[in-house]
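Visitor: below: sequence and its predicted model.
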Amino acid sequence: NANRKTPTQQWDLAEDHDGTLEYQTDFTQFQAVSSLTLHFPTNLNDDGDTEIWFIGLRGEGTINRRDMIVTAVYESRAMPQDHKTPDDENVPCQPAV
């Protein structure tokens, strides 16, 4: 539920029929954003539907690259014969118990 989350930033919105209002953003909180979620818990009249006609975002693209996806295999029980070291080259592997 979005109401239980702590927002990164909140704004007190005003009615803007002309679309001329701009809200200052604490840009230090949004420097590495790859997605953005906006939550409007109420509207100005506290009744009816909320209609949003336009949201404009300004800033500089930084061409952030997402971290590569890591494919990893985890063993539930280590198999010593799969993990040879240079010291083990001439030693026969012990069977797993």
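Guide: Now that the structure is in, tell me what you want to look at.
Visitor: residue ranges for the strands of this structure, please.
Guide: Counting by DSSP state E, the chain forms no strands at all.
Visitor: what are the ranges of the helices in it?
Guide: With DSSP state H applied, the chain shows no helices anywhere along its length.
Visitor: let me see the contact set for Glu22.
Guide: Going by Cβ atoms under 8 Å, 6 or more residues apart in numbering, Glu22 touches no other residue. (Glycine included, C-beta is placed from N, CA and C.)
Visitor: okay, it: pLDDT?
Guide: Turning to Glu22, the model gives it a pLDDT of 89.
Visitor: cool, Asn64 as well?
Guide: Looking at Asn64, its pLDDT reads 65.
Visitor: repeat that for Asp18.
Guide: The predicted local confidence for Asp18 comes out at a pLDDT of 85.
Visitor: and what of Gln10?
Guide: The per-residue confidence score, pLDDT, reads 91 for Gln10.
Visitor: neighbours around it, how many?
Guide: If you count neighbours by other Cβ atoms under 10 Å, Gln10 ends up with 8.
Visitor: ok, now how distant is it from Thr62?
Guide: 24 Å (Cβ to Cβ, to the nearest Å).
Visitor: quick one, what contacts Tyr23?
Guide: Tyr23 makes contact with Trp11, Leu13 under the criterion Cβ under 8 Å, 6+ apart.
Visitor: what's the burial count for the residue nearest to Thr50 when sequence neighbours are not counted?
Guide: Of all residues not flanking Thr50 in the chain, Asn43 sits nearest, at 4.0 Å (Cβ to Cβ, 6 or more residues apart in numbering). Counted with other Cβ under 10 Å, the neighbours of Asn43 add up to 14.
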